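1. heads up, no residue letters with this:
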């Protein structure tokens, strides 16, 4: 067996710490870079030229571009994120309401029939007939 064999003790603990630290910083850097790019596209206040300029600045000079973007426009990044999340939640809620059928005439008629049946205003047979009529 010719050659050198590298064992775990050949890599000092400080070197391992430094590697993990740099890897973590790289992950954080890419997370920030992508968040800035998403914010550029999501911002409705910027026009096409502004979005293009910021995007080119961030892509061509990433460290300087992200730093300048965060300093210049970072204050409202959180507000835009919250507004986007609220809009998505409202869209989801309206979809669920429409899919569940709340507010449709059939649902309202069935709820009135059930209420009348519970009060004893109509009999079981009348309730079943009226319910079948509404559903068909």
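-> That came in fine, so what should we check first? Since we're looking at a predicted model, the values are computed, not measured.

2. pLDDT score assigned to the most centrally placed residue in the chain?
-> When the chain is reduced to its mean C-alpha position, the nearest residue by C-alpha atoms, centre = their mean turns out to be residue 85, at 5.9 Å. Predicted confidence (pLDDT) for residue 85: 93.

3. And for residue 5?
-> So residue 5 comes in at 67 (pLDDT).

4. before we move on, what about residue 101?
-> 62.

5. now do residue 121
-> Confidence score, pLDDT, at residue 121: 87.

6. Tell me the first helix or strand C-terminal of the lengthiest helix in the chain.
-> Longest among the helix segments of the chain by residue count, using DSSP state H, is helix 13-42. Using DSSP states H and E, the helix or strand that follows helix 13-42 in sequence is helix 48-60.

7. What residues sit buried inside that next one?
-> Under the neighbour-count criterion of 16 or more other C-beta atoms under 10 Å, helix 48-60 has 54, 55, 57, 58 buried. Backbone N, C-alpha and C define where each C-beta goes, glycine included.

8. Closest to residue 14 out of these?
-> residue 58 (33.7 Å; C-beta to C-beta).

9. tell me the contacts of the closest residue in space to the closest one that isn't next to it in sequence?
-> Closest residue to residue 58 apart from its sequence neighbours, by C-beta to C-beta, 6 or more residues apart in numbering: residue 65 at 3.8 Å. Each residue near residue 65 by C-beta atoms under 8 Å, 6 or more residues apart in numbering is listed here: 54, 57, 58, 59.

10. Please parse this structure into its domains.
-> 12-74, 103-136 (automatic domain parsing).

11. closest one to residue 93 among these?
-> domain 103-136 (13.0 Å).

12. ok, back up a step: from residue 19, how far out is the residue nearest to residue 58?
-> 27 Å (C-beta to C-beta, to the nearest Å).

13. Let's verify residue 82: helix, strand, or coil?
-> Under DSSP: H, G, I helix; E, B strand; the rest coil, residue 82 falls in the helix class.

14. can you pull the contacts of residue 78?
-> By C-beta under 8 Å, 6+ apart, residue 78 lies in contact with nothing.

15. So what's the predicted local confidence for it?
-> pLDDT recorded at residue 78 is 89.
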